[in-house]
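Participant: sequence and predicted structure, then a few things I'm wondering about:
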Amino acid sequence: MDNSHHSTSTSPRELDLQDIACALWGGRKIVASLVLGGTLVAAAYAFLSTPIYRTSVSVLPPTAHGVAQYNIVAQLTGEGIASITARKEIKGIPPLTPQDAYRVFLRHLSSDTLRQDFFTNTYLPAQGQNISENQQERLWLKLQDQLTITLPRREGDSAQLFLEGVDPQTISNWANDYTKAAIAAARSELMADLNAAVEVRRQSNERQISALRRVAEKSRTDRIQRVTEALAIADAVGAQPVPPTGNLLIDYKDETLYLRGSNALRAELEQLNERKTDDPYIPELGDMLRADALLSGISLPSEQLAVATVDRIATPPVNPSYPRKGFAIAIGAIVGLILSVLIIVLQGSMRRDRRNED
């Protein structure tokens, strides 16, 4: 019985809250020292490290008014031509919706091409001269962290561009310029596609006009040949015009063309040779020329096409985004407190173990 009681009384006892509280009170100097030390280290880091600023640009889709001029041009290539010609089934350029234009803008905004162009022409020259390839690679990776683009998740939402750096004015200018470059690239692509589509239709129409004129010229040449031969026959046989009969019109075919008489044939031949243009004798040419005039007159300044609406431009930030001084100091004090508690609890546990061993 005595041995059992002795074993129970000397068994190790776990630390309870009262023991921990007593230990902390006894080590209050350690707690104060580590909390103060952590706070001072964090404060030194917060106030001595280079502040990093962050700015942003918010961009929304364009309005319907922003793509209206584009769609007017698109309409002219279809319904516009049909309204001034007899050709009613003309397929024009497809219209452009605000979301279509916005998608092109977002593709350029998030493209590596634009980012590489910004890095080469703007970001890299600002870092100084004589930069080695290894340094360029590190700067490129740094830019990937500093430049962040958030694409909209739903239709109609805004896209966000974030840029970090040490100079507030510089990063705000860069963010705005980057957005303008994306807008210009998207606008240039859409305008190039539009102009190419108009040019294809214009050249196709011009080729049709040229073909009609070549056919008319060949027809006139053939007619001259036929009239010349008929005139030779009429002169040879002394043919005179057939006296008028009850018919109002007499249609002389190629074989009987000489029956029109030498005078009529000679007059027609003279007119055919003196004719400067065959355009009045081409029935389809009028529609073609009207379409050509319409297509040739199409002009849309790129500034009249909107691919995005800048909802908020980047402005120079006043407060740095990193480090946040108050947050850093608080973290330093908390870390100091946690370390001091762990040290005091560990010391108390070690002393208790030694007493148990004794």
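Facilitator: Yep, that arrived.
Participant: how far away is residue 326 from residue 43?
Facilitator: 10 Å (C-beta to C-beta, to the nearest Å). (Glycine included, C-beta is placed from N, CA and C.)
Participant: between these two, who's got more neighbours?
Facilitator: residue 43 (15 against 9; other C-beta atoms under 10 Å).
Participant: so that one sits against residue 329, correct?
Facilitator: Yes: with contacts counted by C-beta atoms under 8 Å, residue 43 reaches residue 329, the gap being 5.2 Å.
Participant: now do the helices in the stretch 151-300 of the chain.
Facilitator: Taking DSSP state H, counting those that start in this stretch, the helices of the stretch 151-300 of the chain run over residues 168-237, 262-274, 285-296.
Participant: what's the closest of the ones you listed to residue 106?
Facilitator: helix 168-237 (8.4 Å; C-beta to C-beta).
Participant: rounded mean pLDDT for that closest one, please.
Facilitator: Helix 168-237 carries an average pLDDT of 92.
Participant: show me what it is packed against.
Facilitator: Contacts defined by 3 or more C-beta pairs under 8 Å, 6 or more residues apart in numbering; DSSP states H and E place helix 168-237 against strand 53-60, helix 68-75, helix 98-109, helix 112-118, strand 159-165, helix 262-274, helix 285-296.
Participant: who wins for proximity to residue 315 among those?
Facilitator: strand 53-60 (6.7 Å).
Participant: so how far is that closest one off the chain centroid?
Facilitator: Strand 53-60 sits 17 Å away from the centroid of its parent chain (C-alpha atoms, centre = their mean, to the nearest Å).
Participant: show me what counts as buried in that strand.
Facilitator: Applying a neighbour-count criterion of 16 or more other C-beta atoms under 10 Å, the buried positions in strand 53-60 are 53-60.
Participant: with those in mind, which one is nearest to residue 162?
Facilitator: Distances from residue 162 to the buried residues of strand 53-60, taken by C-beta to C-beta, are shortest for residue 56, at 4.8 Å.
Participant: identify the bridge partners of that closest one.
Facilitator: residue 162 (DSSP bridges).
Participant: what about it, distance to residue 149?
Facilitator: 10 Å.
Participant: nearest to residue 344, of the helices of the stretch 151-300 of the chain?
Facilitator: helix 168-237 (44.7 Å).
Participant: enumerate every residue touching the most centrally placed residue in the chain.
Facilitator: Most central in the chain under C-alpha atoms, centre = their mean is residue 105, positioned 2.5 Å from the mean C-alpha point. Going by C-beta atoms under 8 Å, 6 or more residues apart in numbering, residue 105 touches 59, 182-183, 186, 307-308.
Participant: just give the nearest non-adjacent residue to residue 288, would you?
Facilitator: Excluding the flanking residues, the one nearest residue 288 by C-beta to C-beta, 6 or more residues apart in numbering is residue 209, at 4.8 Å.
Participant: residue 104 contacts residue 189, doesn't it?
Facilitator: Yes: if you go by C-beta under 8 Å, residue 104 and residue 189 touch, sitting 6.0 Å apart.
Participant: if we can go back for a sec, tell me the pLDDT of the residue nearest to the centre of the chain.
Facilitator: Confidence score, pLDDT, at residue 105: 96.
Participant: how much space between it and residue 119?
Facilitator: 20 Å.
Participant: common neighbours of residue 56 and residue 149, please.
Facilitator: 160-162.
Participant: quick one: which of the residues you listed is nearest to residue 255?
Facilitator: Among these, residue 161 lies closest to residue 255 (C-beta to C-beta), at 81.6 Å.
Participant: OK, contacts around the closest residue to the closest one other than its chain neighbours?
Facilitator: Distances taken as C-beta to C-beta, 6+ apart place residue 57 nearest to residue 161, at 4.4 Å, with adjacent residues excluded. Residue 57 makes contact with 160-161, 175-176, 178-179, 310, 312-314, according to C-beta under 8 Å, 6+ apart.
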